[in-house]
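Chemist: Attaching a predicted model along with its sequence, questions to come.
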Amino acid sequence: QVQLVESGGGLVQAGGSLRLSCAASGSTLRGYAMGWFRQAPGKEREFVAVISYSVGFTSYADSVKGRFTISRDNSKKMVYLQMDSLKPDDTAVYYCAAAQSTSQFMSGMTDYWGQGTQVTVSS
């Protein structure tokens, strides 16, 4: 069994930055793609960013491209999301997730989810 625990959310003004962290524990996630989804109030959950296990591939939603950066440290079983130039539209609960491939991840075919961390961006 795998547990994913997010941290780093909070309240920030527009233009500010936050860094989300996701700690994995339990069974190995070797080979798994990991990344982030988000869900804003009244909206469906949407893909944000994904990174391959080898760290050789990353992909971002168009809405965050150029502002968010995903990274991971496999030795620490950690995944990070650096969020810069935040906008009120980025307000959402952010979820860490894992899937067996980056394509499956972006299709929403994930195997594991965290509980989420709230990000609120004020205007």
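Modeler: Sure, I can see it. Numbering: from 1, shown residues only.

Chemist: From F47, how far off is the residue most central in space within the chain?
Modeler: The residue lying closest to the centre of the chain (C-alpha atoms, centre = their mean) is W36, at 2.2 Å. Look at W36 and F47: by C-beta to C-beta, to the nearest Å, they are 8 Å apart. Any C-beta I mention is one placed from the backbone N, CA and C, and that applies to glycine too.

Chemist: for R38, same thing?
Modeler: R38 is 9 Å from F47, by C-beta to C-beta.

Chemist: quick one, which of the two is more surrounded?
Modeler: Counted by other C-beta atoms under 10 Å, R38 and F47 do not tie: R38 has more neighbours, with 23 against 19.

Chemist: Check the gap between that one and G31 for me.
Modeler: 25 Å.

Chemist: same question, D84
Modeler: For D84, the distance to G31 equals 30 Å [C-beta to C-beta].

Chemist: count of residues packed around G35?
Modeler: By other C-beta under 10 Å, the residues close to G35 number 27.

Chemist: And for the one 5 residues further on?
Modeler: By the other C-beta under 10 Å criterion, the neighbourhood of A40 contains 14 residues.

Chemist: Can you read off the pLDDT for it?
Modeler: Looking at A40, its pLDDT is 97.

Chemist: beta partners of the residue nearest to it when sequence neighbours are not counted?
Modeler: Once flanking residues are discounted, A40 sits nearest to A92: 4.2 Å by C-beta to C-beta, 6 or more residues apart in numbering. Note on A92: beta-bridge partners by DSSP bridges are V119.

Chemist: neighbours around A92, how many?
Modeler: The burial count for A92: 22, using other C-beta under 10 Å.

Chemist: any idea how far it is from S21?
Modeler: Taking C-beta to C-beta, one finds A92 at 17 Å from S21.

Chemist: Cool, thanks, talk later.
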